[in-house]
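S.K.: 3D, please:
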Amino acid sequence: MHPNDGRVVSNFIMQALDGKPLTIFGDGLQTRSFAYVDDLIEGFIRLMNTADDITGPVNLGNPGEFTILALAEKIIDLTGSSSKIDYKILPEDDPRKRKPDITIAKELLAWEPVVELENGLKDTILYFEKMMHGNTFKTQ
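M.R.: Next comes the predicted model:
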């Protein structure tokens, strides 16, 4: 994961580690679902190991919903950052809710995510901290 890939998790973590305000668009009450890479890879492997007549589509993701505001607050807490939250205007096309339906993955692959959001965030924060201290990239 690149620290400046424009995704909310990496953006929030980098902002928090840099002590910058975390940017939330809208009121932060829109929901998102976050899946940890280890869970997704396990789902991909299970899908690849199915019979040839299984072609999908199969949703892989985490049906647990979290508000963007809760995510920001959790990242501030886990990083020990003094960052505040900076609210910006919500783009018109921003969805209020994102939640994958993983029913087929459960039935067909006996798969569902196991990594809890907080644990995934801790690992991701550690990953970015190591990158920062190793100077393998420059933050903006």
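S.K.: what's the spacing between the residue nearest the centre of the chain and Ser10?
M.R.: Closest to where the C-alpha atoms of the chain average out (C-alpha atoms, centre = their mean) is Phe34, at 4.1 Å. Distance, Phe34 to Ser10, using C-beta to C-beta, to the nearest Å: 12 Å. Backbone N, C-alpha and C define where each C-beta goes, glycine included.
S.K.: residue ranges for the helices of this structure, please.
M.R.: 8-17, 37-48, 68-79, 103-109, 117-133 (DSSP state H).
S.K.: out of those, which comes closest to Gly28?
M.R.: Gly28 sits nearest to helix 68-79 of all the helices of the chain, at 3.0 Å, using C-beta to C-beta.
S.K.: before we move on, the earlier item: model confidence at the residue nearest to the centre of the chain, what's the number?
M.R.: Listed pLDDT for Phe34 reads 94.
S.K.: now it: how far from Gly28?
M.R.: Look at Phe34 and Gly28: by C-beta to C-beta, they are 15 Å apart.
S.K.: thought Thr50 was touching Leu108?
M.R.: Yes: contact criterion C-beta atoms under 8 Å: Thr50 and Leu108 qualify, at 6.9 Å.
S.K.: rewinding a little: any idea which of the helices of the chain gets closest to Asp86?
M.R.: Among those, helix 8-17 comes nearest to Asp86, with 8.9 Å by C-beta to C-beta.
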